[in-house]
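Peer 1: next come a sequence and a model predicted from it.
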Amino acid sequence: MSSEPVEGTEKRDARAPRQADGWGIFSTLLAGVLVWTGIGWTADWLLGFDALFLPIGAVLGLVGSVYLIVAKSRQA
């Protein structure tokens with residue numbers, strides 16, 4: 001028998017970041033900005049404005065996404 005550890009039995013720190021965490025943060029940020037920018041663009045289109053709600057939606061999406069990312073990271 002070998003004294004080497006068997007694969008998958010290593011314990012890792014649950015607080016240590018993983019590669020999937022970075023992709024989750026990126027996708028949350030991107031999705032929030034894209035969705036709320038789209039909502040702002042649609043509001044502009046429906047109400048006849050040139051570019052009033054689009055930047056408001058983009059900022060709301062960014063702020064909301066950052067809030068969700070911080071809330072998720074403090075939860076763990």
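Peer 2: Here it is on my side, so go on.
Peer 1: what is the helix or strand harbouring residue 38 packed up against?
Peer 2: In this assignment (DSSP states H and E), residue 38 forms part of helix 19-47. Counting contacts by 3 or more C-beta pairs under 8 Å, 6 or more residues apart in numbering; DSSP states H and E, helix 19-47 packs against helix 53-75. For the C-beta atoms, the positions are set from N, CA and C on the backbone; glycine is no exception.
Peer 1: follow-up on the earlier one: show me what counts as buried in the helix holding residue 38.
Peer 2: Under the neighbour-count criterion of 16 or more other C-beta atoms under 10 Å, helix 19-47 has 25, 28, 29, 32, 33, 36, 37, 39, 40, 44 buried.
Peer 1: residues contacting the fifth one?
Peer 2: It stands for residue 33. 58, 61, 62, 65 (C-beta atoms under 8 Å, 6 or more residues apart in numbering).
Peer 1: tell me the spatial nearest neighbour of the third one, not counting adjacent residues.
Peer 2: Think residue 62. In this structure, residue 62 finds its nearest non-sequential neighbour in residue 33, 5.4 Å apart by C-beta to C-beta, 6 or more residues apart in numbering.
Peer 1: residues contacting the residue most central in space within the chain?
Peer 2: Nearest residue to the geometric centre of the chain (C-alpha atoms, centre = their mean): residue 28, 1.8 Å. With contact taken as C-beta under 8 Å, 6+ apart, residue 28 is in contact with 65, 68, 69, 72.
Peer 1: farthest pair in the residues you listed?
Peer 2: Using C-beta to C-beta, the contacts of residue 28 reach their maximum pairwise distance at 65 and 72, which is 10.7 Å.
Peer 1: give me the more crowded residue out of those two.
Peer 2: The neighbour comparison of residue 65 against residue 72 (other C-beta atoms under 10 Å) goes to residue 65, with 21 against 13.
Peer 1: shouldn't the more buried one be in contact with residue 31?
Peer 2: Yes: contact status for residue 65 versus residue 31: in contact at 7.4 Å, counting by C-beta atoms under 8 Å.
Peer 1: so where's the protein uncertain?
Peer 2: 1-17, 76 (pLDDT under 70).
Peer 1: distance of the residue nearest to residue 62 relative to residue 45?
Peer 2: 18 Å (C-beta to C-beta, to the nearest Å).
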